[in-house]
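# Got a predicted structure here, sequence first:
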Amino acid sequence: MISSRRTHFGHRRRLLVIPVLAAMVAASCGGGDDDDNASESAEVTQQAPATTAPSAEETASEQAPATTAAPAEEASSSSQGPVIETLPPETVPQPVKGGTLRYGLEADVDGLNPTTSALSAPGLMMANAVFDTLTATTADNKVVPFLAQSVDPATDDFKSWTLTLRPNITFQDGTPLNADAIIANFEAQRNDPLVGLAVRPFFPEENAIQKIDDMTVQFNLLDSNAYFPATISGQLGMVASPAWLEAAKADPTLNQQPIGTGPFKFDTRSLDSVTRFVRNDSWWNGDVYLDAVEFYPVPDSATRVDQMDGGELDALQTTDPESILALQDEKMPNIYDDSAAEQFAMLNTAAAPFDDIRARQALAWATPRQNYLDLIAQGVIRGANERFIPEDPYANPNVVQQSDDPGQAVDLANAYCAEKGTETNPITGDPTCSDGKINIQLSYSGPSVLQERRAEILDEGWSAAFNVSFNEVLEDEFIQQAALGQYNVNLWRQFEAEDPSADNVWLLCRTIGGISLNWPRYCDESRDALLMQAQATTDQNERIKLYQEAEQKINDAFTYIFLTHTAWMNAFAENVHGVCDRTSPEGVQLKCAVAGRTWFQTVWMDG
């Protein structure tokens, strides 16, 4: 068996999602989801700041298989490591070409352009087929070059980094991959109204990227970042054809027809129906086996499982505990990854009533946490108090999510309503209070039976001090509303970067604006100082101290009501092989799955 549970070079798994906005945006963003889960232990390894392609000897010594973590203290005994191949390795036949992999996703996305689109988990999954990234994360959580040949600090303070590309790579339209292409992608990301929010706050207006020669660029940051290579292993590191980017400016419909350097080429796309990619026979990094990969958005997880059982799908992603249990019972080959992201209620602090901490505290105390875990987690998911799982070195054991005290919630709501009850809730247009309770709107993505259940369970507790109305929204619109601050409280999934420094994009004061990636729109300069110090140091003990202090400040602000750690399951039909055979160009084993998304270049099917 091959396990996708992760070891960490600092944190439990985060990557960057500044992966851009995905990385950034949704991604990482979390956006909404239809499911959710938990459990993992961590082994700490130190990430080297420089990322340079290893020699053959170095590759052989570093290529350690993923390990299966012992169940965490709160984890259910049903939690298991992933099973990728059901046959012993010596009996698995050799890869063959052919076949179409039909993959069930939790949602569709607004587009597939990494410089303009809000790529949540499904979007990043589809993007993995057509785009390569500049760096990639190994099975033991190190960052290694992929499209890049090397990424090295150019200054001792880690504010400048030099990136050199591999030679002789072309995009699927024949355009060469060179320094000009990297600059074109960077500038497209920086200038986009949404994706640019993950770029502009971290780079100077001038000389943010400089061409050194035809194959080399230098990135110049505003702040020291010893973990910069991790930020270009996701959406920010996906490189698109500059000719296509230019054409898409004139014709935005081309955003649905991506062109990258990846193992598959775009074929057809019908929004909310099916997106199809076909094999790129001239891929630069080896053989590609599948004829095609087709992605089907199926928002309801139970329906996804039914379609898998019925032979309509060959693979699926889910975080729904009932679906995970069903797939485990069926002994379906799977990757079980419970290390990526948290599920929480997210509060908009820029609008009444949650611009007042008393209202935020009241909602936390009214949250029926134990009932939520009993009815939603079902022994598969464990509760979350913060961004880090308990085994993570950065977890703060003193941080406890307030909940399950309706009496305190009522007292706080009474105090709030006595002072501000006649003000207007700008999201609903209603008074902030009526009948002695605070009026709020709870938004979530759908349609999804699980999301509705979550909302109903939370409302049972919140109703002690709140009048709650529901707002179910399609995922792409849901993310846009969050970015624009058009919500009171959202059900949200986020914080999945391989290194926690990459999650700063969601937290810093500088990412608040008319369109915001700091979704709660809450500014705490003292918290920001801790986060920036943590990304600047390579002293692991110092990083631990800084992140633990930052987690306490996040808890004290009541901007997130943490509910559970998310567990992703990617399940596969018995005839699907090679999911975990992905390697870097130097042969280093790379991760099978990250936050519910997998890769396809080594996947093959028999029968």
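Nice, I can see it.

# I'd like the average pLDDT over stretch 263-278.
In this model, stretch 263-278 has an average pLDDT of 97.

# hang on, I meant stretch 538-555
Averaged over stretch 538-555, pLDDT sits at 98.

# Just the buried positions in that stretch, please.
With burial defined by 16 or more other C-beta atoms under 10 Å, the residues of stretch 538-555 counted as buried are 540, 543-555. Every residue, glycine included, has its C-beta placed from N, CA and C.

# roughly how far is that stretch from the heart of the chain?
Distance of stretch 538-555 from the chain centroid (C-alpha atoms, centre = their mean, to the nearest Å) equals 21 Å.

# Just the CA coordinates for it, please, in CSV.
Extracted C-alpha coordinates of stretch 538-555, given in CSV (Å, rounded to 0.1, in the frame of the first residue of the first chain):
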residue,chain,number,x,y,z
THR,A,538,14.7,29.0,8.8
ASP,A,539,15.0,28.3,12.5
GLN,A,540,12.3,25.6,13.1
ASN,A,541,12.0,26.2,16.8
GLU,A,542,11.4,29.9,16.2
ARG,A,543,8.8,29.2,13.5
ILE,A,544,6.9,27.0,15.9
LYS,A,545,6.8,29.7,18.5
LEU,A,546,5.7,32.3,16.0
TYR,A,547,2.9,30.2,14.5
GLN,A,548,1.6,29.2,17.9
GLU,A,549,1.3,32.8,18.9
ALA,A,550,-0.4,33.7,15.6
GLU,A,551,-3.0,30.9,16.1
GLN,A,552,-3.9,32.3,19.5
LYS,A,553,-4.5,35.7,18.0
ILE,A,554,-6.7,34.1,15.3
ASN,A,555,-8.7,32.3,17.9
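
# I'd like to check what contacts that stretch. Which residues are they?
10-11, 44, 46, 49, 226, 385-388, 393-396, 398-401, 500, 507, 524, 526-527, 530-531, 533-534, 537, 560 (C-beta atoms under 8 Å, 6 or more residues apart in numbering).

# In JSON lines, list the buried residues of stretch 538-555 along with distance to G596 and secondary structure.
Listed next are the buried residues of stretch 538-555 as JSON lines, based on distance: C-beta to C-beta, whole Å; DSSP: H, G, I helix; E, B strand; the rest coil:
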{"residue": "Q540", "distance to G596": "28", "secondary structure": "helix"}
{"residue": "R543", "distance to G596": "27", "secondary structure": "helix"}
{"residue": "I544", "distance to G596": "27", "secondary structure": "helix"}
{"residue": "K545", "distance to G596": "31", "secondary structure": "helix"}
{"residue": "L546", "distance to G596": "29", "secondary structure": "helix"}
{"residue": "Y547", "distance to G596": "24", "secondary structure": "helix"}
{"residue": "Q548", "distance to G596": "28", "secondary structure": "helix"}
{"residue": "E549", "distance to G596": "30", "secondary structure": "helix"}
{"residue": "A550", "distance to G596": "26", "secondary structure": "helix"}
{"residue": "E551", "distance to G596": "24", "secondary structure": "helix"}
{"residue": "Q552", "distance to G596": "29", "secondary structure": "helix"}
{"residue": "K553", "distance to G596": "29", "secondary structure": "helix"}
{"residue": "I554", "distance to G596": "24", "secondary structure": "helix"}
{"residue": "N555", "distance to G596": "26", "secondary structure": "helix"}
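
# in this structure, what residue sits furthest out from the centroid?
Residue farthest from the centre of the chain, counting by C-alpha atoms, centre = their mean, is A418 at 40.6 Å.

# any idea which helix or strand carries that one?
Here A418, judged by DSSP states H and E, is contained in helix 406-420.

# next helix or strand past that helix?
On the C-terminal side of helix 406-420, the closest following helix or strand by DSSP H and E is strand 433-434.

# next one: that following strand to chain centre, how far?
Distance, centroid of strand 433-434 to centroid of chain: 37 Å (C-alpha atoms, centre = their mean).

# Now do the following helix or strand past that strand against helix 406-420, angle only.
Downstream of strand 433-434, the next assigned helix or strand under DSSP H and E is strand 437-445. Calculated by axes from the mean of the first three to the mean of the last three C-alpha atoms, to 10 degrees, strand 437-445 forms an angle of 110 degrees with helix 406-420.

# Using PDB, list the CA coordinates for strand 437-445.
Provided in PDB are the C-alpha atoms of strand 437-445 (Å, rounded to 0.1, in the frame of the first residue of the first chain):
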ATOM      1  CA  LYS A 437     -32.000  37.900  18.600                       C
ATOM      2  CA  ILE A 438     -29.400  38.800  16.000                       C
ATOM      3  CA  ASN A 439     -30.500  38.400  12.400                       C
ATOM      4  CA  ILE A 440     -27.900  36.800  10.100                       C
ATOM      5  CA  GLN A 441     -27.700  35.000   6.700                       C
ATOM      6  CA  LEU A 442     -25.800  31.700   6.400                       C
ATOM      7  CA  SER A 443     -24.400  31.100   2.900                       C
ATOM      8  CA  TYR A 444     -23.000  27.800   1.500                       C
ATOM      9  CA  SER A 445     -22.300  26.300  -1.900                       C
END
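
# Skip ahead from that strand and say which helix or strand is next.
Defined by DSSP H and E, the subsequent element after strand 437-445 is helix 449-462.

# Count the residues that sit near Q402.
For Q402, the count of nearby residues is 18 (other C-beta atoms under 10 Å).

# typed the wrong thing, it's P431
P431, neighbours per other C-beta under 10 Å, totals 16.

# ok, what's across the strand from it?
T424 (DSSP bridges).

# Helices of the stretch 51-200 of the chain, residue ranges please.
In the stretch 51-200 of the chain, the segments counted as helices under DSSP state H, counting those that start in this stretch are 56-62, 121-130, 179-191.

# What is the following helix or strand past the last one packed up against?
Translated: helix 179-191. Next helix or strand after helix 179-191 toward the C-terminus (DSSP H and E): strand 209-213. Strand 209-213 is packed against helix 179-191, strand 216-220, with contacts defined by 3 or more C-beta pairs under 8 Å, 6 or more residues apart in numbering; DSSP states H and E.

# Please identify the pairing partners of strand 209-213 and their relative orientation?
When DSSP bridges is applied, strand 209-213 pairs with strand 216-220 (antiparallel).

# I'd like the buried residues of stretch 538-555 as a markdown table, with distance to Q408 appended.
What follows is these, written out as a markdown table (distance: C-beta to C-beta, whole Å):
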| residue | distance to Q408 |
| --- | --- |
| Q540 | 38 |
| R543 | 34 |
| I544 | 32 |
| K545 | 31 |
| L546 | 31 |
| Y547 | 28 |
| Q548 | 26 |
| E549 | 26 |
| A550 | 25 |
| E551 | 22 |
| Q552 | 20 |
| K553 | 21 |
| I554 | 20 |
| N555 | 16 |
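
# Can you pick out the ones from the contacts of stretch 538-555 that are in strands?
Y560 (DSSP state E).

# Of the contacts of stretch 538-555, grab the buried ones for ChimeraX.
Only the buried entries of the contacts of stretch 538-555 go into this ChimeraX selection, using 16+ other C-beta under 10 Å:
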select :10,11,44,49,226,385,386,387,388,393,394,395,396,399,401,500,507,524,527,530,531,533,534,560
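
# Report the rounded mean pLDDT for stretch 454-463.
The average of the pLDDT scores along stretch 454-463 is 97.

# Buried residues in that stretch, which are they?
Counting neighbours by 16+ other C-beta under 10 Å, one finds that the buried residues in stretch 454-463 are R454, A455, I457, L458, D459, G461, W462.

# Kind regards, and thank you for your time.
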